[in-house]
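# dropping the sequence and predicted coords here.
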Amino acid sequence: MLRLLSLIAALALCLVSARVNFRGSGQFGQAQVETLLSEELADKHQRLALYEDEMRQMYGALPKNEFGNLGHDALRSSLHRFFVKRHGWYLHGLEPGTLVDVPENQVVLQDKDRLPLLLQETFERRTVGLGATLHDAAAMAAAVEDLIRGEVDAHLKDAYTAAEVPLDAQISYGGAYLVSKVYFMSYLLEHNWTVENHRDLDDKQQIFEAKYPLYDEAITWLNRTVEREIGTATDKPIDSKLVATVANKVGEEYHILNDGECADLRKTLQKMESRVPGRIRLSVFYNMSLHSHWKFNEKVETLRALGALDESNPNQPSVLISNYATAKPNCVNASNIYDICCRNTCEDLLTHLESEIGTSTSTVERITSIVAQLQSESVQAPRELPPALLRRLDEISAHHGGQVPLHGRLFAQWLHHAYPLECPYPHEAGVTNPQLWTGGESDQASEAEMKQHVDADTCAVTWEGKIDCGEESVELPWTAKEELLQSGIVIEGKTRGIWSMLRSVVGLLSLAAAVLLAWPQHSRGSTSNLRLDANLKRAGLQRWHIAVAALACTALCTGMLDPLVLGIASLGGFVAKFAVPRMGSLGEPSLKLPKHV
């Protein structure tokens, strides 16, 4: 990532007066989000069945709310996992560890950088807390891809302009290849560049070829993609729609190329693993940066915000291998909507468990029988699970009355113990904030800071290349804090369900009261009604006042009205009732009739 930032800076020096600015393209707002969501919920393009088929197994295994649908957290998780598996996309705002309610002193994402979250907020306003069906989740996924295709079209138009190729229905093979290459170059540069003219483009292509890491592998991958989608016949005109297909394939399939680079990163990190499974001593981590081409130089505060630092032993902090491998420093921010990051290999293990179990919870016996046969890149199977691992699973089961939720923090922690190199350690909510990472110098430790950690370490390297720290404890940290996706099987979930039911009953009663009060009353009504009307009038009230209040209560109980909005409206009405008449009396002239005509 640091080499990429240096490359972007070098390209910026070539700029005189930009004619094509890739930075500002492909941005959307609330109106476009609402339109796309409406179209997909109505299945305008008749393709949701394909999305539903892909999401069905995961949807069935995720915990449901009291209405039998995916709640807020479960929907976030389903969309995140769906796109990571499908295209390697980490959707902005939906990544694990992202804060939804951000404290005042934290970084807040702008709308252009949080479109998936904006999409979910729009959907949840429509459904009034009922949650998402499989159809709804599929529509959300389709709407995300609609947004991304719109962004691709905008950047592709920039590529045509920068390459000085006319955007016609038919273009030459050379023009099609050049536009595809310019788009791919922009994608890898995170669209953070500008082009003045064709000569400026040539200069920047040369810089890119010379300085971009693994350029040969990248251009070989692009050439194969172009040949597959466009062909090799250079003497025939090319349909511009095929160039658009290449551009979309770059975003949808780049994770395949990126996985190779991520595999090299994981191997390098695993070679530095200490005796504590899945961890690298911070001193060893920094020492690799000082004496090799690898730039492992994130400062302690940055590693902590990314969730890549284990400080359970305050005297010897360690870097969590799996957490660091999937962290933002190793991502390509290729879109306003998603990043391309190293794949979380634990997702494959969890998906296998979900397919075998089929529900959101299971027994200890069922889970252990599956995990004992479940092999990973670093763990051989079949195997006998250690007693300590079995004891931890029994504790989770006891905490939940005999069942183990598969999508809670405690089970994720258990998977980290079972597969420390594949499964990230799940920090408690609020501990991490990956949004603070900027990729700038403020995130980097100085050479003096890194050397200080290295010099303070007393460990030695054995003849096998392993790190020997004497009596270092090999026990992994464990905390008993549970955090669940919305579910009805836990006491907290039951309480939420009872409250929701009570809220619905109050809403229905308020609606009935509003209808009765607003119903026209005749002067020949009963004596009690006439007395009620008289009493209300003496109190300065009318039936419709109470009817409106009852409707407001209905809206509040069903989630259609925000409590703050209701409070402000009530205060405004109170002020208006007493202030306006007085102001009117002050402003009007006093008119008096004479005593005698």
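It's in. Residues are numbered from 1 along each chain as shown.
# hang on, Asn192 packs against Arg23?
Yes. Counting by Cβ atoms under 8 Å, Asn192 touches Arg23, with 6.0 Å between them. All C-beta atoms are positioned from the backbone trio N, CA, C, and that covers glycine.
# ramachandran coordinates for the residue nearest to Thr127 when sequence neighbours are not counted?
Closest residue to Thr127 apart from its sequence neighbours, by Cβ to Cβ, 6 or more residues apart in numbering: Asp136 at 7.3 Å. Torsion angles at Asp136 (phi, psi; degrees, to the nearest 10) stand at phi -60, psi -50.
# show me the contacts for Asp136.
Residues near Asp136 by Cβ atoms under 8 Å, 6 or more residues apart in numbering: Leu41, Asn69, Leu70, Phe123, Thr127.
# okay if I get those as a markdown table plus pLDDT and neighbour count?
Compiled in a markdown table, the contacts of Asp136 are given as follows (pLDDT from 0 to 100; neighbours: other Cβ atoms under 10 Å):
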| residue | pLDDT | neighbour count |
| --- | --- | --- |
| Leu41 | 93 | 19 |
| Asn69 | 95 | 20 |
| Leu70 | 95 | 26 |
| Phe123 | 92 | 21 |
| Thr127 | 87 | 15 |
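# out of those, who's nearest His417?
The shortest gap between His417 and any of these belongs to Leu70, at 27.9 Å (Cβ to Cβ).
# report the contact partners of that closest one.
Tyr59, Leu62, Lys64, Ser78, Gly131, Ala132, Thr133, Asp136, Ala137, Gln486.
# the strands in the stretch 301-450 of the chain, which residues?
Assigned by DSSP state E, counting those that start in this stretch, the stretch 301-450 of the chain shows strands spanning 309-310, 318-320, 338-340, 361-362, 404-405.
# equivalent analysis for the stretch 1-150 of the chain, please.
20-21, 89-91.
# Glu40 versus the residue nearest to Thr127, what's the distance?
Look at Asp136 and Glu40: by Cβ to Cβ, to the nearest Å, they are 10 Å apart.
# count the neighbours of the residue nearest to Tyr215 when sequence neighbours are not counted for me.
Excluding the flanking residues, the one nearest Tyr215 by Cβ to Cβ, 6+ apart is Glu209, at 5.6 Å. Residues contacting Glu209 under the criterion other Cβ atoms under 10 Å number 13.
# cool, and Pro477?
Counted with other Cβ under 10 Å, Pro477 comes out at 14.
# what's around His45, how many residues?
10.
# please renumber the chain so that the first residue is 759 from this point on.
In the new count, where the first residue is 759, that last one comes out as His803.
# now for it: which residues touch it?
Contacts of His803 (Cβ under 8 Å, 6+ apart): Glu797, Ala900.
# before we move on, what about Val984?
Counting by Cβ under 8 Å, 6+ apart, Val984 has contacts Ala934, Tyr935, Ser938, Val1004.
# can you pick the most crowded of these?
Ser938 (28 neighbours).
# and it, what does it touch?
Ser938 neighbours (Cβ under 8 Å, 6+ apart): Ala917, Leu980, Val984, Ile988, Val1001, Val1004, Ala1005.
# quick check: next helix or strand after the strand or helix carrying the fifth one?
Element membership of Val1001, judged by DSSP states H and E, is helix 998-1029. If you walk from helix 998-1029 toward the C-terminus, the next helix or strand you reach (DSSP H and E) is strand 1037-1039.
# now do whichever helix or strand comes after that following strand against helix 998-1029, angle only.
For strand 1037-1039, the following helix or strand on the C-terminal side (DSSP H and E) is helix 1040-1048. Here helix 1040-1048 runs at an angle of 130 degrees relative to helix 998-1029 (axes from the mean of the first three to the mean of the last three Cα atoms, to 10 degrees).
# list the contacts of helix 1040-1048.
Helix 1040-1048 has contacts (Cβ under 8 Å, 6+ apart) with 1026, 1030, 1032, 1052-1055, 1058, 1061, 1067, 1074-1077, 1203, 1205, 1208-1209, 1211-1212, 1214-1215, 1217, 1225.
# pull out the buried residues from it.
Buried residues in helix 1040-1048, counted by 16 or more other Cβ atoms under 10 Å: Leu1040, Ser1041, Val1042, Phe1043, Tyr1044, Asn1045, Met1046, Ser1047.
# okay, now the closest residue to the second one other than its chain neighbours: neighbour count?
Setting aside the residues directly before and after it, Ser1041 is nearest to Asp1215 in space (Cβ to Cβ, 6+ apart), at 3.6 Å. Under the neighbour criterion other Cβ under 10 Å, Asp1215 is assigned a count of 16.
# for Arg883, same thing?
When neighbours are counted by other Cβ under 10 Å, Arg883 registers 12.
# tell me the pLDDT at it?
Note for Arg883: predicted pLDDT of 89.
# same question, Cys1315
55.
# could you do Arg834 as well?
For Arg834, the model assigns a pLDDT of 93.
# tell me how far it lies from Cys1020.
Taking Cβ to Cβ, one finds Arg834 at 24 Å from Cys1020.
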